[in-house]
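In: Please work out how this folds:
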Amino acid sequence: MPSYRSIQEECCEANRALPATGLVDLTFGNVSVADRALGVFAIKPSGVDYDKLRPEDMVVIDFAGKLVSGTLRPSSDTPTHRGLLLAFEGIRSVVHTHSRNAVAFAQAGIDLPCFGTTHCDYFNGAVPVTRALTPAEVAGDYEWATGEVIVERFATLNALEVPAVLVRNHGPFAWAASGAKAVETALALEIVADLAIKTLALRPHTPPAPAYLLDKHFYRKHGAAAYYGQPG
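Out: Numbering: from 1, shown residues only. The predicted structure is shown next:
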């Protein structure tokens with residue numbers, strides 16, 4: 001039987017990091033981490049306090065949705081995580097929170113605009129909001145349908161360049177190549193949501209940052225020509 005300890009440890013560490021970021025209230029947040037070679041992912045167990053989490057508590061699910069390791073019930077958002085991991089190649093980790101400023105945009109049904117370089121550093125353009133789920137989608141396989149509306153919203157977007165979404169009436173999901181980076185992306189999303197709310201309060205019709213500034217800041221940190229930070 002393969003060992004899942006590595007992704008369980010990474011997943012546990014990322015979930016335990018959430019409270020210190022201020023991104024979660026109560027137990028409203030979860031992180032998954034995948035091993036694509038094995039076709040599985042680890043995810044937080046449902047409703048367990050973050051400070052009580054241990055690596056062995058992380059529930060392991062295969063990409064077909066079958067439980068392969070663990071005795072606890074996985075997060076209720078597991079089907080959404082699975083859908084995103086299946087749809088977005090190049091990511092290994094998904095974070096879902098109910099962080100307050102990002103939720104405000106999700107509840108208002110408004111894309112999170114890119115007003116400045118703080119946003120440009122992480123997201124190549126506005127962070128999109130999905131359409132609302134239909135009554136049939138909510139009554140059916142709700143969490144899987146949540147993933148489907150996210151994937152639908154990204155039909156013309158690059159999920160590696162805009163690594164987050166706002167689910168209408170619900171909240172944010174973010175993703176990255178590691179658990180730690182996904183949590184960082186979720187934190188960056190909350191920061192820029194806070195800045196956007198304050199910007200719009202000061203000037204309701206603030207225009208977005210110009211495309212040339214967005215390109216400069218995003219691509220100096222991402223892609224083959226990136227020069228921010230240290231090599232390697």
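
In: show me what contacts Arg168?
Out: Ala106, Gly109, Val129, Thr130, Arg131, Ala132, Leu133, Val149 (CB atoms under 8 Å, 6 or more residues apart in numbering). In short, each C-beta sits where N, CA and C put it, glycine included.

In: mind checking pLDDT for it?
Out: Looking at Arg168, its pLDDT reads 98.

In: May I have the phi/psi pair for it?
Out: phi -50, psi 130 (degrees, to the nearest 10).

In: show me where pLDDT drops low in this structure?
Out: For the chain, the stretches with pLDDT under 70 are 1, 232.

In: follow-up on the earlier one: ok, the contacts of Arg168 vs Ala193, which is closest?
Out: Using CB to CB, Ala106 comes nearest to Ala193 of these, at 9.4 Å.

In: At the geometric centre of this protein, which residue sits there?
Out: Nearest to the mean C-alpha position of the chain, counting by CA atoms, centre = their mean, stands Ala174 at 1.4 Å.

In: Pull out the buried positions in the lengthiest helix in the chain.
Out: If you go by DSSP state H, the chain has its longest helix at helix 179-202. Using 16 or more other CB atoms under 10 Å as the test for burial, helix 179-202 gives 179-193, 195-197.

In: and it, how far out from the chain's middle?
Out: 12 Å (CA atoms, centre = their mean, to the nearest Å).

In: ditto for stretch 134-143
Out: On CA atoms, centre = their mean, the centre of stretch 134-143 falls 21 Å from that of its chain.

In: what does stretch 109-128 give?
Out: Distance, centroid of stretch 109-128 to centroid of chain: 14 Å (CA atoms, centre = their mean).

In: hmm, who's touching that stretch?
Out: Contacts for stretch 109-128 (CB under 8 Å, 6+ apart): 102, 105, 129, 132, 153-154, 157-158, 161-166, 168-169, 172, 185, 188-189, 191-193, 195-196, 199, 206, 208-209, 213-214, 216-218, 221-222.

In: So which of those are in strands?
Out: Ala164, Val165, Leu166, Pro172 (DSSP state E).

In: which residue sits closest to the last one in space, ignoring its chain neighbours?
Out: Read that as Pro172. Ala102 (4.1 Å; CB to CB, 6 or more residues apart in numbering).

In: Number of residues surrounding the one you found?
Out: 29 (other CB atoms under 10 Å).

In: could you list every residue that touches it?
Out: Leu112, Leu166, Gly171, Pro172, Leu189, Glu190, Ala193.

In: Can you tell me the closest non-neighbouring residue to Tyr219?
Out: Nearest to Tyr219 is Ala225, by CB to CB, 6+ apart, at 6.1 Å.

In: Return the member of the ones in strands among the contacts of stretch 109-128 nearest to His98.
Out: Nearest member of the ones in strands among the contacts of stretch 109-128 to His98, counting by CB to CB, is Pro172, at 8.0 Å.

In: who touches that closest one in this structure?
Out: Listed by CB under 8 Å, 6+ apart, the contact partners of Pro172 are 96-97, 99, 102-103, 106, 127, 164-166, 186, 189-190.
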